[in-house]
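>>> Please find the sequence and the predicted model below.
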Amino acid sequence: MLDDGAPRIAGKRVALGVAGGIAAYKAVEIMRGLQRAGCAVRVALTRHACEFIRPLTFRALTDEPVIVDDYAPENPDPIAHISFSQQIDLFLVAPATANLLAKFAAGLADDFLTTTYLATTAPVIVAPAMNPQMWHHPATQRAIAQLRADGVHIIEPDRGEMACGAVGPGRLSEPEKVVQAALRLLDAHGRARDLTGERILITAGATREEIDPVRFISNRSSGRMGFALAEAALARGAQATVVAAATSAPEPCGARIVRVSSAEEMLRAVMSELPDATIFIAAAAVADYRPVMRAPQKIKKSDRRLTLELEPTPDILAEVARQKRDALVVVGFAAETERVAERARAKLERKGLDLIVANDVSQEGAGFDTETNIVTLIARDRARDLPRMTKLEVAHRVLDEAKRLRAMQMADGSTAKTVR
Ligand code: C5P
């Protein structure tokens with residue numbers, strides 16, 4: 001079945017656990033965001049959370065009973081932690097306090113939320129929130145490391161000013177980001193693992209070409225498209241390696257990330273990873289030019305004009321295509337502002353690619369550092385215009401097409417072998 005790239009969210013059941021921190025009120029916004037996306041949300045609070053927000057707030061907004069204590073006389077289900085934990089597609093705790101994280105990590109089960117954690121088979125995400133001192137404490141960091149090793153997804157807290165006046169990491173990640181992380185995980189679990197066995201090598205981010213020890217030439221790429229490709233590949237059972245230059249988007253959970261800075265370094269890293277890859281996707285915004293000379297010391301300011309001499313960087317994508325082995329699928333991106341399809345097709349031919357993802361970066365909602373993109377997928381045998389969609393959805397469509405091309409190349413390879 002062809003994957004249409006659309007997220008599979010409608011009707012998913014999410015258990016939202018709320019622990020006792022000042023950020024507990026933000027759980028309402030998270031719950032609303034999940035509901036807007038089509039999820040059925042049930043809420044459970046720790047006893048301490050009830051000091052910050054009333055269960056009635058959630059009861060009124062979900063039209064479902066809110067569980068605090070499963071032994072409470074008004075609870076209709078005597079083994080609620082078991083039935084509740086078996087009927088959910090995702091267990092999300094936001095905010096998660098230091099206490100709750102430590103209990104999860106140690107496997108303690110002394111209330112409804114901790115028992116649900118042990119009893120559920122659904123994926124678990126926690127969004128910690130606490131004072132920076134508590135966040136940095138080795139005991140909390142040990143709990144986080146343990147939870148990661150146990151397969152729990154952690155939404156790192158933001159930096160900023162806390163309710164207690166302290167500044168540092170520990171603030172609950174923005175509700176919108178928590179909702180997005182939850183939706184992505186739900187989507188990943190609903191997908192067929194149709195790329196199992198594929199090894200996908202992706203470039204991402206903006207290269208930096210040094211002028212002197214403190215200055216460089218770069219661009220606005222956030223790395224979001226490359227990371228979305230890795231996330232989509234992993235969700236569908238592939239292995240993903242990302243050779244990443246400078247990025248500002250969050251790294252995908254579970255991908256192998258090889259960090260580089262310049263185009264030259266990216267080329268070297270790609271060439272050393274390539275023998276293992278079955279699909280190569282160049283989503284990085286590689287600088288086209290670099291300074292001929294990197295000044296060894298910081299260039300001093302003066303009143304005179306300064307001329308920088310630039311030379312072309314290596315074209316990584318073209319180099320990969322030149323060295324292409326049998327059945328390796330090579331995919332490039334083409335960011336254009338005019339005659340998009342025509343120029344992209346010319347690039348496909350010139351660089352010897354199997355697929356090119358063309359986008360008109362002058363359009364609203366497309367291109368660099370945005371959440372969405374509007375692209376045309378151009379292969380040698382067909383071209384498809386896609387509507388505006390999130391970069392994760394674009395990533396799934398690109399992988400659908402790469403999968404099709406890979407199957408064609410493998411079929412060609414086996415025919416060639418038989419004929420020979
Ligand atoms: O030639 P142009 O820069 O327009 O091609 C864009 C495509 O080529 C993108 O996929 C980009 O990642 C890749 N590229 C590359 N190395 C370069 C320049 C672009 O891999 N030096």
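Nice, thanks for sending it over.
>>> Pick out the residue of the stretch 51-200 of the chain closest to the ligand.
At 14.4 Å from the ligand, Ile200 is the closest residue in the stretch 51-200 of the chain, using Cβ to the nearest ligand atom. From N, CA and C alone the C-beta is placed, and that goes for glycine too.
>>> bridging residues for that residue?
Applying DSSP bridges to Ile200 gives these bridge partners: Ala240, Ile279.
>>> From Val258, how far out is it?
13 Å (Cβ to Cβ, to the nearest Å).
>>> Assumed Asp69 was part of a strand.
No - counting by DSSP: H, G, I helix; E, B strand; the rest coil, Asp69 is located in no strand; its state is coil.
>>> Neighbours of it, how many?
16 (other Cβ atoms under 10 Å).
>>> mind listing what the closest residue to it other than its chain neighbours touches?
Counting by Cβ to Cβ, 6 or more residues apart in numbering, Asp69 lies nearest to Phe112, which is 6.3 Å off, once chain neighbours are set aside. Residues in contact with Phe112 (Cβ atoms under 8 Å, 6 or more residues apart in numbering) are 44, 46, 67-70, 80-81.
>>> Counting neighbours, what do you get for the closest residue to Ala284 other than its chain neighbours?
Of all residues not flanking Ala284 in the chain, Thr203 sits nearest, at 3.7 Å (Cβ to Cβ, 6+ apart). When counting by other Cβ under 10 Å, one arrives at 33 neighbours for Thr203.
>>> re earlier: so if I had to pick from Ile200 and Val258, which one is more boxed in?
Per other Cβ under 10 Å, whichever of Ile200 and Val258 has more neighbours is Ile200, with 26 against 16.
>>> doesn't Leu274 make contact with the more buried one?
No - between Ile200 and Leu274 there is no contact under Cβ atoms under 8 Å: 11.7 Å.
>>> tell me, what's touching these two both at once?
Common neighbours of Ile200 and Leu274 (Cβ under 8 Å, 6+ apart) are Phe280.
>>> How about the backbone phi and psi for Thr121?
phi -110, psi 0 (degrees, to the nearest 10).
>>> that older thread, would you mind measuring from the residue nearest to Asp69 to Ser85?
10 Å.
>>> Give me the phi and psi for the residue in the stretch 101-250 of the chain positioned nearest to the ligand.
The ligand sits closest to Thr203 of the stretch 101-250 of the chain, with a gap of 5.7 Å, by Cβ to the nearest ligand atom. Backbone torsions for Thr203, taken as degrees, to the nearest 10, come to phi -100, psi 150.
>>> Kindly report the same for Pro95.
Taking degrees, to the nearest 10, you get phi -80, psi 150 for the backbone angles of Pro95.
>>> Give me the neighbour count for it.
Neighbour number of Pro95 under other Cβ under 10 Å is 29.
>>> repeat for Lys298
11.
>>> I figured it hits Val214, correct?
Yes - the criterion here is Cβ under 8 Å, and Lys298 meets it with Val214 at 5.5 Å.
>>> hmm, the helix or strand containing Leu317 in reach of the ligand?
Using DSSP states H and E, Leu317 falls within helix 316-322. Yes - Helix 316-322 reaches the ligand (Cβ under 6 Å from any ligand atom) through 316-317.
>>> Check stretch 400-413 too.
No - figure legend: stretch 400-413 not in contact with the ligand (Cβ under 6 Å from any ligand atom); closest approach 13.3 Å.
>>> Would you mind measuring from the closest residue to Glu309 other than its chain neighbours to Phe84?
Nearest non-adjacent residue to Glu309, counting by Cβ to Cβ, 6+ apart: Val292, 4.5 Å away. Distance, Val292 to Phe84, using Cβ to Cβ: 65 Å.
>>> what about those two, which has more around it?
Using other Cβ under 10 Å as the criterion, Val292 and Phe84 rank with Phe84 on top: 22 against 9.
>>> got the contact list for that one?
15, 42, 44, 67, 77, 116.
>>> Look up which helix or strand it falls in, please.
helix 80-86.
>>> Just the strands from the stretch 101-250 of the chain, written as ranges.
124-128, 153-154, 158-161, 167-171, 199-204, 209-212, 215-217, 239-244 (DSSP state E, counting those that start in this stretch).
>>> Just the CA trace of the first one, in CSV.
Taking Å, rounded to 0.1, in the frame of the first residue of the first chain, the C-alpha atoms of strand 124-128 are listed here in CSV:
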residue,chain,number,x,y,z
VAL,A,124,5.9,6.9,26.9
ILE,A,125,6.9,10.5,26.6
VAL,A,126,7.9,12.7,29.6
ALA,A,127,8.3,16.5,29.6
PRO,A,128,10.2,17.4,32.7
